[in-house]
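J.: sharing a model that was predicted from the sequence below.
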Amino acid sequence: MRCDIISIFPEYLEPLNLSLPGQAQRKGLLEVAVHDLRDFAHDRHRTVDDTPYGGGAGMVMKPQPWWEALEHVRGLGEGTPTLIVPGPGGEVLTQKVARELADEPWMIFACGRYEGIDERVYEAAAEVMPVRVISLGDYVLNGGEVAVLAMIEAAARLLPGFMGNAESLVEESHEDGLLEYPVYTKPASWREREVPPVLLSGDHAKVAAWRHEQRLERTAARRPDLLHASAALAGTDVVPQA
Ligand SMILES: Nc1cc(-c2cccs2)n[nH]1
């Protein structure tokens, strides 16, 4: 998976060189290149924003630097990349979307700031590559960099060989529609709180059953919407009669 990231704060993406993403890069599973948008703004002040047509507060990111940056990056690789633009107005990043991103061989991430990027950049880009606007959730950040870190981590960790133990990807929250079960480690007794005895029983079938029950209870308590969604999909949702 190749990820090219365009940002006015390239240093924000340094964490991608740490830990697992860093190892994945060294293993050749993940290729990350960060590009400074200001390198494509040619005036003396390397201006990337201006006041919005129609008035209103804040500034809008100018189209020309973005277009030059996108064309430059597009020329760096083979084939057609997918442009991912983080934004509160996009489809929400879910595990399903993360799996879709994990299947993308080449993505360009456009980190917007200010009030956003001139709409004509999205239109022009969509003529030469797929464009997806993806949101982390219904809240507003100051820029796309944080969202890009989350998206790349969520996708890259699904790449075969990225996680040391692929087993740990199974039964994760959202992988199969349920939240994960509670986990415990030594000591067996801590501050007079005991580990559930079933987990010390050595009975793998009972442990599996207990863990599944915990996932159902936890999902019902914290995310009933997920239960209704999966039940609706299975056609088993019991909707209280009016
Ligand atoms: N989910 C989400 C994304 C964002 C932004 C991306 C770029 C600027 S603000 N806010 N909220």
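T.: Everything's here; your move.
J.: show me what contacts the spatially most central residue of the chain?
T.: In the chain, the C-alpha nearest the mean C-alpha coordinate belongs to residue 151, at 2.1 Å (Cα atoms, centre = their mean). Listed by Cβ atoms under 8 Å, 6 or more residues apart in numbering, the contact partners of residue 151 are 84, 86, 93, 98, 101, 109, 134, 136. Bear in mind the C-beta positions are built from the backbone N, C-alpha and C, glycine included.
J.: go on, residue 2?
T.: With the criterion set at Cβ under 8 Å, 6+ apart, residue 2 makes contact with 31, 33, 77, 81, 105-107.
J.: just to revisit the earlier point, over to the residue nearest to the centre of the chain: give its phi and psi.
T.: Backbone geometry at residue 151, expressed as degrees, to the nearest 10, gives phi -70, psi -40.
J.: domain parsing for the protein?
T.: According to automatic domain parsing, the chain comprises the domains 2-156, 171-233.
J.: Throw the ones you listed into JSON lines and include distance to residue 163, thanks.
T.: Converted to JSON lines, the domains of the chain look like this (distance: least, Cβ to Cβ, whole Å):
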{"stretch": "domain 2-156", "distance to residue 163": "7"}
{"stretch": "domain 171-233", "distance to residue 163": "10"}
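J.: re the thing from before, the contacts of residue 151: which ones sit near the ligand?
T.: Contacts with the ligand within these, counted by Cβ under 6 Å from any ligand atom: 86, 136.
J.: next, format the domains of the chain as TSV and append mean pLDDT.
T.: Below are those laid out as TSV (pLDDT from 0 to 100):
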stretch	mean pLDDT
domain 2-156	96
domain 171-233	93
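J.: hmm, stretch 146-165 touching the ligand?
T.: Yes - Stretch 146-165 comes into contact with the ligand (Cβ under 6 Å from any ligand atom), by way of residue 147.
J.: could you tell me the end-to-end distance of that stretch?
T.: 26 Å (Cα to Cα, to the nearest Å).
J.: so which bits of the chain are right by the ligand?
T.: 86-88, 112, 135-137, 139-141, 143-144, 147.
J.: the closest residue to residue 166 other than its chain neighbours: how many residues sit nearby?
T.: Spatial nearest neighbour of residue 166, chain neighbours left out: residue 160 (7.3 Å); criterion: Cβ to Cβ, 6 or more residues apart in numbering. Neighbour count for residue 160, taken as other Cβ atoms under 10 Å: 8.
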